[in-house]
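**Q** Would you be able to build a 3D model of this:
(one chain, ligands or ions: 1)
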Amino acid sequence: MNTYDAKANGVGCYHDWINHERAKLLQERCPAAKRVVVIGNCDLYEGDCLEVMKALEPVDCVVTSPPYDDLRDYGSDYDGVDLFAAISTISDKLSDGGVCVWNVADGTINGSESGTSFKQALHAMDCGLRLHDTMIYIKDNVNFPESTRYFSGHEFMFIFSNGAPKTFNPLIDRPNKWAGTTMHGTDRQPNGSVKQISGIGKTIKPYGMRFNWWRLTNNNNPTSHPAPMPYSMAHDHIKTWTNTQETILDPFMGSGTTGVACVKLGRRFIGIELDPGYFDIAVNRIRKTSYQPDLFVEQPEPKPVQEDLDL
Ligand SMILES: C[S@@+](CC[C@H](N)C(=O)[O-])C[C@H]1O[C@@H](n2cnc3c(N)ncnc32)[C@H](O)[C@@H]1O
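**A** Numbers count the residues shown, from 1 in each chain. Modelled structure (predicted):
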C-alpha cells in the first residue's frame with residue numbers, strides 16, 4: 001500500500017500504511033538491507049547482520065543463537081559468518097547496562113571440542129563487555145553418542161553485559177525443597193570461619209529463584225528452520241533482562257523465535273536474517289503472532305527474596 005485514504009480504508013489499512021512508510025524509511029537508512037518489513041513494533045531486515053547492524057541505533061538487549069561451528073546446514077549459498085566481528089559490533093550497539101544472551105555450543109574436531117564458545121566469550125570481554133554469567137541450557141536430547149566422551153547434552157547461554165545489567169527480573173519458579181520449614185544453616189567465610197546465614201528463623205517459601213542452568217524443551221517450536229531456539233529460552237531471557245517497550249535485537253533471526261516472544265511480551269524487536277527463505281518464515285510467524293497477541297502483556301516478576309533459596 002503506497003497511500004492512505006481515510007475515507008476509503010479502515011483502521012487495519014491505516015496500520016499497514018504506517019508499517020509500509022516506516023519500512024521505506026528504514027530501507028533508505030540501511031541500503032545494505034535487501035528487504036525491510038515492519039510489523040507493528042518489529043523491524044525485520046533481510047541481509048547480512050554485519051552490514052545491517054551498522055545502521056541501527058543502540059538496543060537494550062540482544063537475544064541470539066548464531067550459526068555456531070557450522071553444526072547446521074543453512075543451505076548451499078551459505079559460506080559462514082565472522083562471529084568475532086558480530087560480537088564486536090554488538091558491543092558497540094548495546095546501550096549502557098544492556099545485556100546480550102549468546103547461545104552457542106562447540107563443534108567437534110578430531111573427537112574433541114573446538115573451544116570456539118570460550119574464545120567468543122573471551123573476545124566479548126576484550127570488546128569491553130562483562131561476562132556477567134555463563135548460563136547452561138540443558139537439552140532434553142543429546143547429540144550423537146561419542147565412543148570416548150560422555151554424551152553432550154548442554155549448550156552455553158553466555159550473558160554478556162555492557163557494565164552492570166540495568167534490569168534483572170529473576171524468575172521465581174523453582175520449587176523449594178524445604179518449603180514451609182524454618183531457615184537455618186551456616187555459611188563458610190573466606191578465612192575458614194562459619195557464620196549463621198541471614199534470614200535465620202524465617203519460613204521458606206514454596207518457590208525460589210531459578211539457578212543459572214535451565215532445562216528447556218525444544219519441541220514447542222514448530223518451524224521448518226533447521227535450528228530454531230526453544231521458545232522458552234527467548235521468552236524467559238527477555239522477561240529476565242528487559243522491561244516492556246524496550247528494544248531487543250536478534251542479528252541471527254532465523255525463524256524469528258525471539259521476535260515472536262517480543263510480540264507476546266510487549267517488547268520492540270529488530271531482527272536480521274541473511275537467508276530469504278528463513279526471513280519469510282520469520283515474517284509469517286511474527287505477523288501471525290501480532291494478529292493474536294496475548295490478551296494482557298506480561299509484567300516483570302517481583303524481585304526475589306534471597307532467603308527463598310534452599311542452599
Ligand atoms: C541458529 S540459527 C538462528 C535460529 C533462530 N534463533 C530461530 O529460533 O529460528 C542462525 C541463523 O543465522 C543466519 N545467518 C547466518 N549468517 C548470517 C548473517 N551474516 N547475517 C544474518 N543472519 C545470518 C542463518 O541463516 C540462520 O538462520
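**Q** Residue 198: what secondary structure?
**A** Following DSSP: H, G, I helix; E, B strand; the rest coil, residue 198 is assigned to coil.
**Q** if I look at residue 272, how far off is residue 235?
**A** Distance, residue 272 to residue 235, using C-beta to C-beta, to the nearest Å: 20 Å. For glycine as for every other residue, the C-beta is placed from the backbone atoms N, C-alpha and C.
**Q** Tell me which of those two has more neighbours.
**A** Neighbours were counted for residue 272 and for residue 235 using other C-beta atoms under 10 Å; residue 272 has more, 27 against 19.
**Q** The more buried one touches residue 51, doesn't it?
**A** No: Residue 272 is not in contact with residue 51 according to C-beta atoms under 8 Å; the separation is 9.1 Å.
**Q** Kindly report the residues of this protein close to the ligand.
**A** Residues of the chain found near the ligand (C-beta under 6 Å from any ligand atom) are 48-50, 65-67, 74, 81, 225, 227-229, 251-252, 254-255, 257, 272-275, 278.
**Q** Just the buried ones out of these, please.
**A** Neighbour counting by 16 or more other C-beta atoms under 10 Å classes 48-50, 65-67, 74, 81, 225, 227-229, 251-252, 254-255, 257, 272-275, 278 among the residues of the chain next to the ligand as buried.
**Q** dump the residue contacts of the nearest residue to residue 121 once chain neighbours are set aside.
**A** Spatial nearest neighbour of residue 121, excluding adjacent residues (C-beta to C-beta, 6 or more residues apart in numbering): residue 158 at 5.2 Å. By C-beta atoms under 8 Å, 6 or more residues apart in numbering, the residues touching residue 158 are 100-104, 117, 120-121, 124, 131, 133-135.
**Q** ok so, going back, show only the entries of the buried ones among the residues of the chain next to the ligand found in helices.
**A** Among these, the residues falling in helices (DSSP state H) are 49, 50, 257, 278.
**Q** Including distance to residue 59 and secondary structure, could the contacts of residue 158 go into a markdown table?
**A** Formatted as a markdown table, these follow (distance: C-beta to C-beta, whole Å; DSSP: H, G, I helix; E, B strand; the rest coil):
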| residue | distance to residue 59 | secondary structure |
| --- | --- | --- |
| 100 | 9 | strand |
| 101 | 12 | strand |
| 102 | 14 | strand |
| 103 | 17 | strand |
| 104 | 19 | strand |
| 117 | 23 | helix |
| 120 | 19 | helix |
| 121 | 20 | helix |
| 124 | 16 | helix |
| 131 | 19 | strand |
| 133 | 19 | strand |
| 134 | 22 | strand |
| 135 | 20 | strand |
